[in-house]
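Trainee: Give the three-dimensional model of this entry:
(chains A, B and C)
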Amino acid sequence: MADRPVLTGTRRALGGFRPSGALAGVVPFFAYTTVFLLIPTIVVVVGAFVDGSGRPTLDNIAALGGSTSSFLPALQHSLVLSVVTAVTGAVIGAVLAYAVSTARPDGMLKRFVTALCGVLAQFGGVALAFAFMATFSLQGFLTVWLTNLGIDTGSSLWLYQWDKGLMLVYLYFQIPLMLIVFLPAVEGIKPQWREATETLGGTTWTYWRRVAGPILMPSFIGATLLLFTNAFSAYATAAALISQASPIVPLQIGGTFTSEVILGQENVGKAMAMAMVVVVALVMWLYAWLDKRASRWLVR
Amino acid sequence: MTATPSPAASARGTEVRLTDLTRVYAGSVRALDGFTLHMAPGEFVALLGPSGCGKTTALRLLAGLEDADGGTIEVGGKDVTSVPTNKRDMGMVFQAYSLFPHMTARQNVEFGLELRRQDKATRHQRAAEMLDLVGLSKQADRFAHQMSGGQQQRVALARALAIEPQVLLLDEPLSALDAKVRSQLRDEIRRIQLEVGTTTLFVTHDQEEALAVADRVGVMNAGRLEQLASPAELYKNPATPFVAEFVGLTNRLRCTVSGGVATVLGGSVPLLAGSAGDGPAVVLIRPEGVEISTAPAGSGSVAGASASVVSASFLGASGKIVARLDASAGGGGELVSVQVDNTDVTAYAPGDRVILSPRGDAALAVAVS
Amino acid sequence: MSTRHTERRKRAALRWGVIGLTLLFFFIPLYGMLEFTTRDLISGGRTGRVWTTLVDVGQVTDRYPALAEGFLASLALALFTVVVMLLLLVPTMTWVRLRLPGLTRTVEFICLLPLTVPAIVLVVGLTPIYAWVSYLLGEGTVWLGLAYVILVLPYAYRSLDAGLRAIDVKTLSEAARSLGASWLRVMWQIVLPNLRTAVLSASFLSVALVLGEFTIANLFSRKNLQVAMYELGKSDGQLSVAVGLASLVFAFVVLFAMSFVGRKEKS
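Mentor: Numbers count the residues shown, from 1 in each chain, chains lettered A, B, ... in the order given. I've put the predicted structure just below:
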């Protein structure tokens, strides 16, 4: 049922396909995206499987798993970091989105929170790392303030560790991103659904468990997966915060740009990049699968 | 309040008493102001009024979706004023979009029964009955977005009736539908209501709808009930100018009142109780209360006011002529709508000279302010 | 009678509790930046010296040439990216709607693809492309804009798509065509004026994204605002943090203003 419009659309396109002037209108777009999006993607995928002189090889991939390689631990860190901040961020962000949605639709509060979240979610990068250093480093105001109160916060080195400080900073852009992507779904909830539940004899708990919960679940899962890829791909904040080591994959890939390349491993960066693409593609596939299963009832 | 009232009890219907209800919004707006309504068991009452008149508020108070600031609500002899919505046993149909989008039609109908812990077989059977009642047996497994607006409202009705509610509440259930579906569903709602015998409160801003289905119609204005009467009574003997103007299309014509009779269009009209006293006034005459005839050639002295036709429209079952009164010493120039038989429409063309006169049905006159 | 009232009050309390706590979490680090930039490192206490330095154009150009250079480069990049993005997207999307509806899904897929290709991966793949760009066009920072167009594609696409949905391009252009307008005139005089809000919001979003971009510029060793700020952080902490805070505030003002622009057109 839901697929029908797609099918007819495709059929119409094929039926109406004539090498006419109409197609010339979209050539610039396809040319541009081919050069700057499709070819780079192909470069990564192909590059992962060739050596410095262009001969096919599996060495790049093998190098990732080698005992001297720090890639596997970094991948593990990246995955844990992304899962934890995606789930935590999604839960907190969803509650925030619900709270904001109950405010006046055109009110200042909502505009304010949405704009703020837009900035923190998409603009932050280096500035966010600075913000956390200014707050939590040894000289940071919160550290100083807590010390004055007699609370010892330790060495402040925690701020630069991937599973402590970095997680906290990531939450700082994951929660706002959740608000941005989840708010439309929450606002799509009709007040009639709650009232209908009540008149039919349901409690608030019934409403959340049987009506609002199931209706929001597909959007929630989708948003959580988006948060995962967002954290998994993030580079700027981590690069600005952690300068001593490369505990996560994006930093390792960045490292291949600046460090001396070991002979024969020119394309290891591409292999790492491809590993990232594979992870993201898996998540997207998972999303598509869940979406198809869980949302037969969605309007398409 | 038993969870599952016996069919016999619900077939007889429940008595409803709303007494002196008051509801104040945002500190000062009185949405309801001393609203009193008594519904007999099994009765179908329509609340009619312009938007903001408080009709929806009255319905929501009865449903328990809002709290009254004063007054009492009695259902079946019990005071339910402070009983929460989910314990009131009210079946409600909303304006639109009230079906749960993630459930099929059948699951929607079964939802209320599930909350009443009825077993699966009973639920299935009852849902099938209800969907059959609204004529949607074949669409049982469809989701809301796979159904038309009219079908969605039928499912909503089935869902509301499935729980055998004490009272059926209809909150402008037809207003989002197009004209044809609307009148079909309207008649069907009445049929079903008569069949199940549930006391029903129907809120609408469409007078035709209200007059067509209800046993009694309450016309509301500014949070108060202006008149509560049978459709015919309401139409023929409006109690207030507001009712006269809101119910049915009305011509407002200048007249002179003396001794309970208004002189207008060269004839006289008996006045209803509550009309203005002697002096200049405005009389409210319905299109079917005006007679029209072609003006005789020459200057024959026919009783009536001369006018010229502005438009003649064919409306299906009837026809409508709009004519402009000739300017005279008393003013004139007003537009008058006249209802005619559909076969007579072609007898009049724009520009034709006509004579208008009152048929003599009683009307309401208002003092000129 | 009071059950609903208390329930509502409880809900309001919950709402304010949640919003208050998260806003606190959002504002503590921002306050940290403000506090840090107003410290007087020499004598202790407070000073606005860092901020007066930052707004003094002459002094910044003199003492922090890299910062001024990065700032100007980012402005040029923003302009370049917006222009290329609009030239690429507006005609294509309109054209697809009008003449090639079968391509809608393909174009949408391509435009949303950058959401799933991490910027860091794009950098890796773009390396050979940029070798050619440098060879053909030179080393200028502004050519980063060619890659930035790809980054802003999903956001710009969504804004423009919403705008195109809101107006019936097909009927509008058919009406114009029936009155004798050429395709060029349809685009310029009919479609574009009606898309004003969408174009504006797509441009604003793109500007915000470009001004915040770090990954690509850093790894290609080009100096934009974020890279300059990052490098300044190694020598002058206070000023770099001030730049960071100022850029966040600027982006906030842009987005906040945008929420009003969008509404006016709708109502």
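Trainee: Find the residue ranges of the stretch 201-300 of chain A scoring beneath the pLDDT cut-off.
Mentor: Low-confidence regions of the stretch 201-300 of chain A, defined by pLDDT under 70, span residues A:259-266, A:293-300.
Trainee: Please repeat the previous calculation with a cut-off of 50.
Mentor: Counting by pLDDT under 50, the low-confidence segments of the stretch 201-300 of chain A come to A:300.
Trainee: My guess is C:Val227 contacts C:Ile216. True?
Mentor: No. With contacts defined as Cβ atoms under 8 Å, C:Val227 does not count as touching C:Ile216, sitting 9.8 Å away. Quick note: C-beta positions are derived from backbone N, CA and C, even for glycine.
Trainee: Quick check on A:Ala115: phi, psi?
Mentor: The phi and psi values for A:Ala115, taken as degrees, to the nearest 10, are phi -60, psi -40.
Trainee: give the contact list for it.
Mentor: Contacts were defined as Cβ atoms under 8 Å, 6 or more residues apart in numbering or on different chains; by that measure A:Ala115 touches C:Phe252, C:Leu255, C:Phe256, C:Met258, C:Ser259.
Trainee: List just the nearest of those to A:Val283.
Mentor: Proximity of those to A:Val283 was ranked by Cβ to Cβ; the top entry is C:Leu255 with 27.6 Å.
Trainee: Which helix or strand contains the spatially most central residue of chain C?
Mentor: With distances taken as Cα atoms, centre = their mean, the residue of chain C nearest its centroid is C:Ala208 (2.3 Å). When elements are defined using DSSP states H and E, C:Ala208 is found to belong to helix C:196-211.
Trainee: Which positions in the very next helix or strand once past that helix come out as buried?
Mentor: Along the chain past helix C:196-211, the next helix or strand (assigned with DSSP H and E) turns out to be helix C:215-219. Residues of helix C:215-219 classed as buried by neighbour count (16 or more other Cβ atoms under 10 Å in any protein chain shown): C:Thr215, C:Ile216, C:Ala217, C:Asn218, C:Leu219.
Trainee: got a list of what residue 165 touches?
Mentor: Just so you know, I chose chain A. Applying Cβ under 8 Å, 6+ apart to A:Gly165 gives the contacts A:Phe132, A:Phe136, A:Trp158, A:Leu159, A:Leu241.
Trainee: could you do chain B instead?
Mentor: Contact criterion Cβ under 8 Å, 6+ apart gives B:Ser10, B:Asp89, B:Met90, B:Gly91, B:Thr198 as the residues in contact with B:Pro165.
Trainee: How about A:Phe173?
Mentor: With contacts taken as Cβ under 8 Å, 6+ apart, A:Phe173 has the following neighbours: A:Leu120, A:Ala121, A:Gly124, A:Leu128, A:Asn230, A:Ala234, A:Thr237.
Trainee: Surely it is within a helix?
Mentor: Yes. A:Phe173 sits within a helix when classified using DSSP: H, G, I helix; E, B strand; the rest coil.
Trainee: ok, it to C:Phe252 distance?
Mentor: When distance is defined by Cβ to Cβ, to the nearest Å, A:Phe173 is 14 Å away from C:Phe252.
Trainee: same check, this time on B:Glu245
Mentor: As judged by Cβ to Cβ, B:Glu245 and C:Phe252 stand 54 Å apart.
Trainee: and whichever residue of chain C sits closest to chain A, what pLDDT?
Mentor: At 1.8 Å from chain A, C:Gly102 is the closest residue in chain C, using Cβ to the nearest Cβ. The pLDDT attached to C:Gly102 in the predicted structure is 88.
Trainee: What is the neighbour count of it?
Mentor: Neighbours of C:Gly102 under the rule other Cβ atoms under 10 Å in any protein chain shown: 18.
Trainee: quick one, phi psi at it?
Mentor: Here the main-chain torsion angles of C:Gly102 (degrees, to the nearest 10) amount to phi -70, psi -20.
Trainee: who touches the residue of the stretch 151-300 of chain B found nearest chain C in this structure?
Mentor: Residue nearest to chain C within the stretch 151-300 of chain B (Cβ to the nearest Cβ): B:Leu169, separated by 17.2 Å. B:Leu169 is in contact with A:Thr199, B:Leu59, B:Leu62, B:Ala63, B:Met90, B:Gly91, B:Met92, B:Val93, B:Ala160, B:Thr200, B:Leu201, B:Val203, counting by Cβ under 8 Å, 6+ apart.
Trainee: Out of the residues you listed, flag the one nearest to B:Gly52.
Mentor: Out of the contacts of B:Leu169, the member with the shortest distance to B:Gly52 (by Cβ to Cβ) is B:Val203, at 12.6 Å.
Trainee: before we move on, back to that, next one: the residue of chain C closest to chain A from A:Leu23, what distance?
Mentor: 11 Å.
Trainee: what residue ranges in chain B are flagged as low confidence?
Mentor: B:1-10.
Trainee: which parts of it sit against chain C?
Mentor: Residues of chain B found near chain C, taking Cβ under 8 Å from any Cβ of the partner chain as the criterion, are B:Glu66, B:Asp67, B:Ala68, B:Thr81, B:Ser82, B:Pro84.
Trainee: Quick check: phi and psi on the last one?
Mentor: If I follow you right, that is B:Pro84. Here the main-chain torsion angles of B:Pro84 (degrees, to the nearest 10) amount to phi -70, psi 160.
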